[in-house]
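S.K.: kindly return the folded structure for what I paste below:
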Amino acid sequence: MVAAKREATVLPSIQFDSTDIIIRSDENENFRKIQDLEFVDLRDLSIRSWILPPCLPFCKPPEGVKDSAENLGELLMGDRIENSPYKFKMHANQTEIFLCQTKPLSSEEFKLLTSRIDEMYQVNVILDNLPAIRYTRKDNFLVRWTGYPLGIKVQDTYYVFNHLKFTVLVHKYEETNVASVMGTGDAAEVIPSVNKPESDIPGYIVVGFEVTPCSVQHNAQSLKNLKMYEKYPSTIACESNTVTMAIKENEPVAFSYEVSFVESDIKWPSRWDAYLKMEGAKVHWFSILNSLMVITFLAGIVLVIFLRTVRRDLTHYEELDKEAQAQMNEELSGWKLVVSDVFRIPTYPALLCVMVGDGVQILGMAMVTILFAALGFMSPASRGTLLTGMLFFYMVLGILAGYVAVRLWRTISSGDQKGWASVCWKVACFFPGIAFFILFILNFLLWGSHSTGAIPFSLFVILILLWFCVSVPLTLVGGYFGAKAPHIEYPVRTNQIPREIPAQKYPSWLLVLGAGTLPFGTLFIELFFIMSSIWMGRVYYVFGFLFIVLILLVVVCAEVSLVLTYMHLCVEDWRWWWKSFFASGSVALYIFLYSINYLVFDLKSLSGPVSATLYLGYSLFMVIAIMLATGTVGLLSSFWFVHYLFSSVKLD
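M.R.: Residues are numbered from 1 along each chain as shown. Prediction:
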């Protein structure tokens, strides 16, 4: 449900989220045991309008629409949960329940409703924190969806799904006197004990939720005297393959529903299995095997460099006298010729340290978050938990970001502590500043569109307070420890006059940009599932595979950067700092190109420049974070390689 709402927040024309109906059990009576035929009403169902003026013509609860409390992650994801009029009685089947009849559709309402059907808006339904599942059959396969479409267009006529058939799967407790379970999300945590020990009426919990939408033409005469929740006088045939309720201007729309409770063998801990069932496992394994092949290939090249080239060259180099060394330098590879320039201070050293510090913070946040999600601590059952955890780990890892950035700064400055506080401040403000700038621009567009998915201004204030009151101080603390830690000493001296770099046949930056194709090849399959989860409303929960792919990506980035750095040194190009960063960081370029391809070919229903701008803005934010993380891996691995390589060279 989190992923689906994420899509609705960014791309209303794709998620069909103009009305979002949410059914949730009452928090205090969620699992109350049935006793003396007193049933629990499950009322907390919501209708939300994605675009406020005007709202779509739907039924509203008698007590009015009320907002549900949301956590930080839900607000950032765009979740807006409200109550709606649907009312259930636990384990009591109900049929032909009349809900309401709208006023005659105005011209504006008719155009809005038809445009939302054209744009394939979808109604998302949650019961007891479980998203509604809709099953369709295609090519002898049973396809599972969350939610249902708002309506359908058939031969220039628009039909709305105005009758819902709910199926609630419930599990009966083995014990009739007392039972207790651990809840998730909005669910209660304890089932109260029964006051009457002699009662044999069992208790039930919700373990599944299905919905079948239908388009039914109601009899206008039968609706005249009906009130909300009264029984419709005739039988309603809910056939999913037949549509009869055509919407027309200046004509009302009547809504109804039915609910049936079915006992199931599914137990409480397994009720999310239907949503988290891993599909396409072979594809994920293929992605991992593909990555392992790339890693093996690059590892072979690295092995050749270390065992055959470096070791052999160093052995011969140290055994010869000075004249023979000079002659050998002309014959062998030229990496030894840049021994006095390889550790020369790079251009924009402060910026490089800042980007590495932010990259360490982002990479650490990603690895810790994915690890916790893979262990089951951030289930989709708890909406917003994943994003909240990402923010928490990012802020805490500011200590590591400040430490790495300042220590790298002192290493480049040959141990000078001057300016370390400035580097810390830049680390604390560089990537968060970019993130706030992009989010503010995108949020400004959402505000202009009157979207409920816009981040409230109060939340911006909270994020800024967390930034300056938590993240910045932790980064400064990490920088302080980095300033006190001993810097890494270079194994060779650097000449005052830089060595001239020989002219190259091809620009070296072409090779740097092309190197990003190898890391991209290790993750592009998993990237498709992630993009589908974010933008197509699918639940992504194969975090175990994602964690493995992330580890493989780090290894590939390190190997690619190491090989490319060695190639540059062999042609006497000692400017390896930035090139090693972008050799692996250039994978972000291909991810951005893939995002554009996904927009053109997979998000065909996206309409309007605002939606496209939102998509590209969030994609740009994502690729900047990926560039910093992967580039950091490349630079640190290359630094270790260069330090190890030249620490083996003996000079007079």
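
S.K.: report the central residue of the protein.
M.R.: Centroid check for the chain by CA atoms, centre = their mean gives Ile534 as the closest residue, at 5.9 Å.

S.K.: any idea which element that residue lies in?
M.R.: Using DSSP states H and E, Ile534 sits within helix 517-535.

S.K.: what element comes up after that helix heading to the C-terminus?
M.R.: With DSSP H and E, the next secondary element past helix 517-535 is helix 543-570.

S.K.: now do that following helix against helix 517-535, angle only.
M.R.: If you take axes from the mean of the first three to the mean of the last three CA atoms, to 10 degrees, helix 543-570 sits at 150 degrees to helix 517-535.

S.K.: just checking, what packs against whichever helix or strand comes after helix 543-570?
M.R.: For helix 543-570, the succeeding helix or strand toward the C-terminus, using DSSP H and E, is helix 577-585. Where contact means 3 or more CB pairs under 8 Å, 6 or more residues apart in numbering; DSSP states H and E, helix 577-585 is packed against helix 349-374, helix 508-514, helix 543-570, helix 609-647. Any C-beta I mention is one placed from the backbone N, CA and C, and that applies to glycine too.

S.K.: give me that answer again for 6 Å
M.R.: helix 508-514, helix 543-570, helix 609-647 (3 or more CB pairs under 6 Å, 6 or more residues apart in numbering; DSSP states H and E).

S.K.: quick one: the helices in the stretch 351-500 of the chain?
M.R.: Assigned by DSSP state H, counting those that start in this stretch, the helices in the stretch 351-500 of the chain fall at 385-396, 398-412, 420-448, 457-466, 472-484.

S.K.: how about residues contacting the second one?
M.R.: Outside helix 398-412, the residues that touch it by CB atoms under 6 Å, 6 or more residues apart in numbering are 345, 349, 353, 356-357, 360-361, 364, 420, 423-424, 427, 471, 474-475, 477-479, 481-483, 485, 487-488.

S.K.: mark which of these are buried, thanks.
M.R.: By neighbour count, with 16 or more other CB atoms under 10 Å, the contacts of helix 398-412 hold 349, 353, 356-357, 360-361, 364, 420, 423-424, 427, 471, 474-475, 478-479, 482-483, 487 as buried.

S.K.: which SSE is Phe255 in?
M.R.: Using DSSP H and E, Phe255 sits within strand 254-263.

S.K.: average pLDDT for that strand?
M.R.: In this model, strand 254-263 carries a mean pLDDT of 91.

S.K.: ditto for stretch 90-100
M.R.: Stretch 90-100 comes out at a mean pLDDT of 86.

S.K.: residue contacts, Pro62?
M.R.: Contacts of Pro62 (CB under 6 Å, 6+ apart): none.

S.K.: so how far is Leu164 from it?
M.R.: Applying CB to CB, to the nearest Å, the value for Pro62 to Leu164 is 19 Å.

S.K.: can you check Ser451 too?
M.R.: The value you get for Ser451 to Leu164, if CB to CB is used, is 26 Å.

S.K.: repeat that for Ser379.
M.R.: For Ser379 relative to Leu164 (CB to CB), the value is 27 Å.

S.K.: out of the two, which sits in the busier spot?
M.R.: Leu164 (23 against 16; other CB atoms under 10 Å).

S.K.: give me the mean pLDDT for the helix or strand harbouring that one.
M.R.: Here Leu164 sits within strand 163-172, counting by DSSP H and E. Strand 163-172 comes out with an average pLDDT of 90.

S.K.: and what of stretch 601-620?
M.R.: 80.

S.K.: same thing with stretch 639-652?
M.R.: Mean predicted lDDT for stretch 639-652 stands at 76.

S.K.: and what of stretch 476-496?
M.R.: 88.

S.K.: then stretch 110-120?
M.R.: 85.

S.K.: what's the answer for stretch 419-433, then?
M.R.: Per-residue scores along stretch 419-433 average to 92.

S.K.: now the helices for the stretch 51-200 of the chain?
M.R.: Counting by DSSP H, counting those that start in this stretch, the helices of the stretch 51-200 of the chain are 72-77, 107-118.

S.K.: elements contacting the shortest one?
M.R.: Packed against helix 72-77 by the contact rule (3+ CB pairs under 6 Å, 6+ apart) you find helix 2-10, helix 385-396.

S.K.: so how far is Lys267 from Tyr135?
M.R.: 21 Å.

S.K.: that older thread, after the strand holding Phe255 comes which helix or strand?
M.R.: On the C-terminal side of strand 254-263, the nearest following helix or strand under DSSP H and E is helix 273-276.

S.K.: for the record, mean pLDDT for that following helix?
M.R.: 75.

S.K.: just the pLDDT at Val404, thanks.
M.R.: Val404 carries a pLDDT value of 95.

S.K.: His218: which element?
M.R.: Here His218, judged by DSSP H and E, is contained in no helix and no strand.

S.K.: what is the burial count for it?
M.R.: 22.

S.K.: and if you look at Phe430?
M.R.: 18.

S.K.: does it touch Cys353 like I think?
M.R.: No - counting by CB atoms under 6 Å, Phe430 sits too far from Cys353 to count as a contact (10.3 Å).

S.K.: so which of the helices of the stretch 51-200 of the chain comes closest to Asp573?
M.R.: Evaluated over those, closeness to Asp573 peaks at helix 72-77, with 43.7 Å, by CB to CB.

S.K.: which strands and helices lie in contact with the host helix or strand of Val600?
M.R.: Using DSSP H and E, the element containing Val600 is helix 587-601. Helices and strands touching helix 587-601, by 3+ CB pairs under 6 Å, 6+ apart, are helix 517-535, helix 609-647.

S.K.: between the last one and helix 587-601, how big is the angle?
M.R.: Right, the one you point to is helix 609-647. 160 degrees.

S.K.: check which residues of helix 609-647 are buried.
M.R.: Counting neighbours by 16+ other CB under 10 Å, helix 609-647 gives 610-611, 614-615, 617-639, 641-643, 645-646 as buried.

S.K.: again, but for stretch 508-524
M.R.: Buried residues in stretch 508-524 (16+ other CB under 10 Å): Ser508, Val512, Ala515, Gly516, Leu518, Pro519, Phe520, Gly521, Thr522, Leu523, Phe524.
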